[in-house]
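> output the structure for:
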Amino acid sequence: MFFSGISDEAGQSIDTQIGAHRELGWSHMELRCIDGVNFTQTPDDVFDGVCDKLAAPGMRVSCFASAIANWARPITSDPQADIDDLARAIPRMHRLGTPFIRVMSYPNDKDRPVPEHEWRDEAIRRMKTLAKMAEDGGVILAHENCSGWGGLSAENSNILLGEVGSPALKVVFDTGNPVTYEQDAWEYYRAVYDSIVYVHIKDAKRINGEDHYCYCGEGDGYVREIVGDLLARGYDGGFSIEPHLAAIIHTGQQADSEDWLYESYTEYGRRLMRIVAEVRP
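From the prediction side, this is the model:
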């Protein structure tokens, strides 16, 4: 078992992101954006520079948190953007020894919604294409229970994985997302447990129909129970924090200050470590 985190929630620059993880004593980090650009889309010279900075302190990258099939790419969008992102990411993942790339499964189009059966069929078709690329490239798509057809329910997630039928498509389970989608996090977790290869730690409460993110263990995401159950079952993968306290990328919420971004991130990490120490068998 190891700790990691979606590092741009600690700061925009790679130096700040590395610094936060070193302060926590962690040797892994999950890369999403560097100076506002997703890591799958950064120019080669920027990627090379990031690799050098990661190598100096011996930091490892546990996952690429890509934009593939995410909340900004509805089922009506051009799938070529996702194919291009994955093609660019695979050699970068090999260079960094990164096994997982986080994906979603295409939300419906709010402005031009398609019928549910068409949404389902097209999401599965696109994911088959991406999973074949991942399988051929020797990496794993970690499907998050978030925006997209496969995130509507645990049942949909299992149908998606079953229909795609690839060893290169697994689950990254996010403890907080079921709360914001008005699902039961414990029931969702138990239903997809067999496919989980990686875990995002987030927590939240729904109050008067609004999402309120909070420190891990303080919301309705069953963080303590899920972490404890995973460890009791022998889980030896990553717990990757995604606090959503100071900034929320999908809503455009920006941090009031870089200091608060960094401080809330490192405090979140400390609280997760305390939870793990308390529930570990």
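> can you pull out the strands in this protein?
Counting by DSSP state E, the chain has strands at residues 2-5, 28-31, 33-34, 37-38, 60-65, 100-105, 140-148, 169-174, 196-201, 204-207, 210-213, 238-241.
> what would those strands look like in JSON lines with distance to R270?
All C-beta spots, glycine's among them, are computed from the backbone N, C-alpha and C. Shown next, in JSON lines, are those (distance: least, Cβ to Cβ, whole Å):
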{"stretch": "strand 2-5", "distance to R270": "10"}
{"stretch": "strand 28-31", "distance to R270": "16"}
{"stretch": "strand 33-34", "distance to R270": "23"}
{"stretch": "strand 37-38", "distance to R270": "27"}
{"stretch": "strand 60-65", "distance to R270": "19"}
{"stretch": "strand 100-105", "distance to R270": "24"}
{"stretch": "strand 140-148", "distance to R270": "24"}
{"stretch": "strand 169-174", "distance to R270": "20"}
{"stretch": "strand 196-201", "distance to R270": "12"}
{"stretch": "strand 204-207", "distance to R270": "19"}
{"stretch": "strand 210-213", "distance to R270": "17"}
{"stretch": "strand 238-241", "distance to R270": "10"}
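> so which of these is nearest E182?
Nearest of these to E182, taken as Cβ to Cβ: strand 204-207 at 6.6 Å.
> switch the strands of the chain over to TSV; also include mean neighbour count.
Converted to TSV, the strands of the chain look like this (neighbours: other Cβ atoms under 10 Å):
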stretch	mean neighbour count
strand 2-5	22
strand 28-31	25
strand 33-34	20
strand 37-38	17
strand 60-65	24
strand 100-105	27
strand 140-148	26
strand 169-174	25
strand 196-201	23
strand 204-207	15
strand 210-213	15
strand 238-241	26
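> tabulate the ones you listed in CSV, adding columns for mean pLDDT and distance to R224.
Shown next, in CSV, are those (pLDDT from 0 to 100; distance: least, Cβ to Cβ, whole Å):
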stretch, mean pLDDT, distance to R224
strand 2-5, 98, 16
strand 28-31, 98, 21
strand 33-34, 96, 29
strand 37-38, 96, 32
strand 60-65, 98, 22
strand 100-105, 98, 23
strand 140-148, 97, 19
strand 169-174, 98, 15
strand 196-201, 98, 11
strand 204-207, 94, 15
strand 210-213, 92, 17
strand 238-241, 98, 12
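> of the ones you listed, which is nearest A123?
A123 lies closest, by Cβ to Cβ, to one member of the strands of the chain: strand 100-105, at 5.0 Å.
> tell me how far that closest one is from the chain's mean position?
Put simply, strand 100-105 sits 7 Å off its chain's centre (Cα atoms, centre = their mean, to the nearest Å).
> quick one: it to strand 140-148, angle?
30 degrees (axes from the mean of the first three to the mean of the last three Cα atoms, to 10 degrees).
> partner strands of strand 100-105, parallel or antiparallel?
According to DSSP bridges, strand 100-105 has the following sheet partners: strand 60-65 (parallel), strand 140-148 (parallel).
> distance to L231 for those strands - can I get that in JSON lines?
Converted to JSON lines, the strands paired with strand 100-105 look like this (distance: least, Cβ to Cβ, whole Å):
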{"stretch": "strand 60-65", "distance to L231": "17"}
{"stretch": "strand 140-148", "distance to L231": "19"}
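> S77 is nearest to which of those?
For the strands paired with strand 100-105, proximity to S77 was assessed by Cβ to Cβ; strand 140-148 is nearest, at 11.8 Å.
> in PDB, list the C-alpha atoms belonging to the closest one.
Provided in PDB are the C-alpha atoms of strand 140-148 (Å, rounded to 0.1, in the frame of the first residue of the first chain):
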ATOM      1  CA  ILE A 140      -4.300   0.000 -17.900                       C
ATOM      2  CA  LEU A 141      -7.300   2.300 -18.200                       C
ATOM      3  CA  ALA A 142      -8.600   3.000 -14.700                       C
ATOM      4  CA  HIS A 143     -12.200   3.900 -15.200                       C
ATOM      5  CA  GLU A 144     -13.400   6.300 -12.500                       C
ATOM      6  CA  ASN A 145     -16.900   6.200 -11.000                       C
ATOM      7  CA  CYS A 146     -17.500   9.800 -12.200                       C
ATOM      8  CA  SER A 147     -18.800  11.600 -15.300                       C
ATOM      9  CA  GLY A 148     -20.000   9.200 -18.000                       C
END
